[in-house]
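Q: missing the sequence, but the structure's below:
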């Protein structure tokens with residue numbers, strides 16, 4: 001049962017779309033332009049790539065050419081270098 005991890009019940013999962021269909025919808029949504037996929041941390045993108053590999057056998061997602069881990073940018077912007085800390 002999935003409920004113990006994220007409050008999702010098995011019945012809800014049965015109503016979901018197949019992974020390949022969702023990835024196709026995602027590809028259409030981000031388009032073929034110069035899109036950068038952003039997330040907070042790299043766990044989401046790693047999980048997405050792992051699942052893509054599981055379902056397709058491909059080691060990368062061909063339509064996701066650019067990715068940005070916003071967390072590292074924000075941490076660098078708001079955290080002063082060690083030499084400037086009291």
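A: Good, I have the coordinates. All of these numbers come straight from a predicted model, not from anything done at the bench.
Q: Lowest-scoring secondary structure element of the chain by mean pLDDT?
A: helix 3-6 (a mean of 56; mean pLDDT, DSSP states H and E).
Q: Buried residues in the top helix by length along the chain, which are they?
A: Secondary structure of the chain read by DSSP state H shows that its longest helix is helix 43-56. For helix 43-56, burial by neighbour count (16 or more other C-beta atoms under 10 Å) applies to 45, 48-49, 52. No exception for glycine: its C-beta is placed from N, CA and C like everyone else's.
Q: again, but for stretch 32-44
A: residue 37.
Q: avg pLDDT for that stretch?
A: The average pLDDT for stretch 32-44 rounds to 89.
Q: quick check, distance from that stretch to the centre of its chain.
A: Offset of stretch 32-44 from its chain centre (C-alpha atoms, centre = their mean, to the nearest Å): 7 Å.
Q: re earlier: what lies in contact with the longest helix of the chain?
A: The contact list for helix 43-56, computed with C-beta atoms under 8 Å, 6 or more residues apart in numbering, reads 19-20, 23, 37, 39, 58-61, 67, 69.
Q: Can I get the buried part of these as one ChimeraX selection?
A: In ChimeraX syntax, the buried subset of the contacts of helix 43-56 is picked out as below (16+ other C-beta under 10 Å):
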select :23,37,61,67,69
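Q: Next step: the contacts of helix 43-56 restricted to strands.
A: 37, 39, 67, 69 (DSSP state E).
Q: Distance to residue 28 added to those, as JSON lines?
A: Converted to JSON lines, the ones in strands among the contacts of helix 43-56 look like this (distance: C-beta to C-beta, whole Å):
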{"residue": "37", "distance to residue 28": "14"}
{"residue": "39", "distance to residue 28": "19"}
{"residue": "67", "distance to residue 28": "18"}
{"residue": "69", "distance to residue 28": "24"}
